[in-house]
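In: coords below, sequence missing:
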């Protein structure tokens, strides 16, 4: 487990360093990778007394890679999005849609794990509803950050916003985060409960019922 965590940390660190080499827009790069600069030190500082499941560490690493790629190219110019645009006939680069889906998908498992370990909540409908609500609230707060960035930066913030002329971009972003949060819980709940039981049994002597 320690080696696996280290491997993920090195992978994300290398990707972050490479993404910082001549990014399309340096300010946008800083704005996009900022969550990593906040989250990574927290994970390092807490991995001994509050280790997370391997599943969650993996999801967080994947989310970080999505952010660094978007930061390097800006979301509207990621080559993967252009490839999908040509393949499926999309009217725009949809890489930012992937980013906002992940913004709901990954935090859903993070919030679920924290609530199961620090609150009286158990797996069930109330946990599902609360996790979904927290993820949607987080997505809305992120849209506030984009709004404030636009007000402060004017046209220079366009690369960070990545609206690509879509007047409903904010609504799409929050909707996809919502879909991501719901999907993560529907698809990963059984696996998450299993790895969480294993982790808690090893570190805390507690099991998820």
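Out: Arrived safely. Since we're looking at a predicted model, the values are computed, not measured. Numbering: from 1, shown residues only.
In: Where does pLDDT dip in the chain?
Out: Low-confidence segments of the chain (pLDDT under 70): 152-168, 202-209.
In: where do the strands sit along it?
Out: Counting by DSSP state E, one finds no strands in the chain.
In: for it, what's the longest helix?
Out: What stands out as the longest helix in the chain, according to DSSP state H, is helix 169-203.
In: List the buried residues in that helix.
Out: Neighbour counts using 16 or more other CB atoms under 10 Å place 169-170, 173-178, 180-182, 184-185, 188-189, 192-193, 195-196, 199-200 of helix 169-203 among the buried residues. Using the backbone N, CA and C atoms, a C-beta is placed for each residue, glycine as well.
In: mind listing the helices for this protein?
Out: If DSSP H is used as the criterion, the helices of the chain fall at 2-19, 26-46, 54-73, 79-88, 95-118, 125-153, 158-161, 169-203.
In: Now do the buried residues in the fifth one.
Out: Using 16+ other CB under 10 Å as the test for burial, helix 95-118 gives 95-113, 115-117.
In: Same check on the first one?
Out: Neighbour-count burial for helix 2-19, counted by 16+ other CB under 10 Å, picks out 5, 8, 9, 12, 15, 16, 19.
In: give the contact list for the third one.
Out: Residues counted as contacts of residue 9 (CB atoms under 8 Å, 6 or more residues apart in numbering) are 40, 44.
In: rerun that using 10 Å as the cut-off
Out: Applying CB atoms under 10 Å, 6 or more residues apart in numbering to residue 9 gives the contacts 40, 43, 44, 47, 57, 61, 64.
In: Just the buried residues of these.
Out: 40, 43, 57, 61, 64.
In: shouldn't the third one be in contact with residue 2?
Out: No - with contact taken as CB atoms under 10 Å, residue 57 and residue 2 are classed as non-touching, separated by 11.2 Å.
In: Find residues that contact each of the two.
Out: With CB under 10 Å, 6+ apart, residue 57 and residue 2 have common neighbours 47, 51.
In: re the thing from before, can you lay out the contacts of residue 9 as a markdown table showing distance to residue 87?
Out: Shown next, in a markdown table, are the contacts of residue 9 (distance: CB to CB, whole Å):
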| residue | distance to residue 87 |
| --- | --- |
| 40 | 34 |
| 43 | 35 |
| 44 | 39 |
| 47 | 40 |
| 57 | 32 |
| 61 | 27 |
| 64 | 26 |
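In: Next, work out how far apart the residue nearest to residue 139 when sequence neighbours are not counted and residue 55 are.
Out: Spatial nearest neighbour of residue 139, chain neighbours left out: residue 177 (3.6 Å); criterion: CB to CB, 6 or more residues apart in numbering. When CB to CB, to the nearest Å is applied, the distance between residue 177 and residue 55 equals 20 Å.
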